[in-house]
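1. need a 3D model of the sequence below.
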Amino acid sequence: MTETLDTVRTVLIEALDLGQRPEDLHEDTALFGSLPELDSLGVLALVSALEDRFDITVADDEFDADLFETLGTLTRFVESKLATV
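-> Numbers count the residues shown, from 1 in each chain. Prediction:
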């Protein structure tokens, strides 16, 4: 998961223009509700950036708060999408 985690972390920082360094974000770092930048527009920007970077498609019915709970849950979701490609 390390390579995917590193890439998701980088995409998150770039898409939301976060001031954090990649090493400041860990698997258990809370996202939705903890990052003010991750509002409804931020979610769309992040998902679009993940789709572009990983060449995946996220369906509308896959969006829920659990997906964006932590960096780890988001990374596991991306890995599950990559496994089906």
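2. please make it C-alpha for all contacts and neighbour counts, starting now.
-> Fine.
3. for P36, helix, strand, or coil?
-> Look at P36: counting by DSSP: H, G, I helix; E, B strand; the rest coil, its state is coil.
4. likewise for E79?
-> Secondary structure assignment for E79 (three-state DSSP): helix.
5. give me the neighbour count for the nearest residue to it once chain neighbours are set aside.
-> Distances taken as CA to CA, 6 or more residues apart in numbering put T4 closest to E79, at 7.2 Å, once the chain neighbours are dropped. T4: 15 surrounding residues under other CA atoms under 10 Å.
6. what secondary structure does T4 sit in?
-> helix.
7. low-confidence stretches in the protein?
-> Along the chain, segments meeting pLDDT under 70 span 1.
8. so who does A59 touch?
-> Listed by CA atoms under 8 Å, 6 or more residues apart in numbering, A59 has no contact partners.
9. now F77: how far from Q20?
-> 22 Å (CA to CA, to the nearest Å).
10. when those two are compared, which one has more neighbours?
-> When neighbours are counted by other CA under 10 Å, F77 and Q20 differ, and F77 comes out ahead with 16 against 9.
11. host element of the residue nearest in space to the middle of the chain?
-> Centroid-nearest residue in the chain: L74, 4.8 Å away (criterion: CA atoms, centre = their mean). Assigned by DSSP states H and E, L74 belongs to helix 71-83.
12. now for that helix, which elements pack on it?
-> Here helix 71-83 touches helix 2-16, going by 3 or more CA pairs under 8 Å, 6 or more residues apart in numbering; DSSP states H and E.
13. counting by contacts, list what the helix it packs on packs against.
-> Helix 2-16 sits against helix 40-54, helix 71-83, with contacts defined as 3+ CA pairs under 8 Å, 6+ apart.
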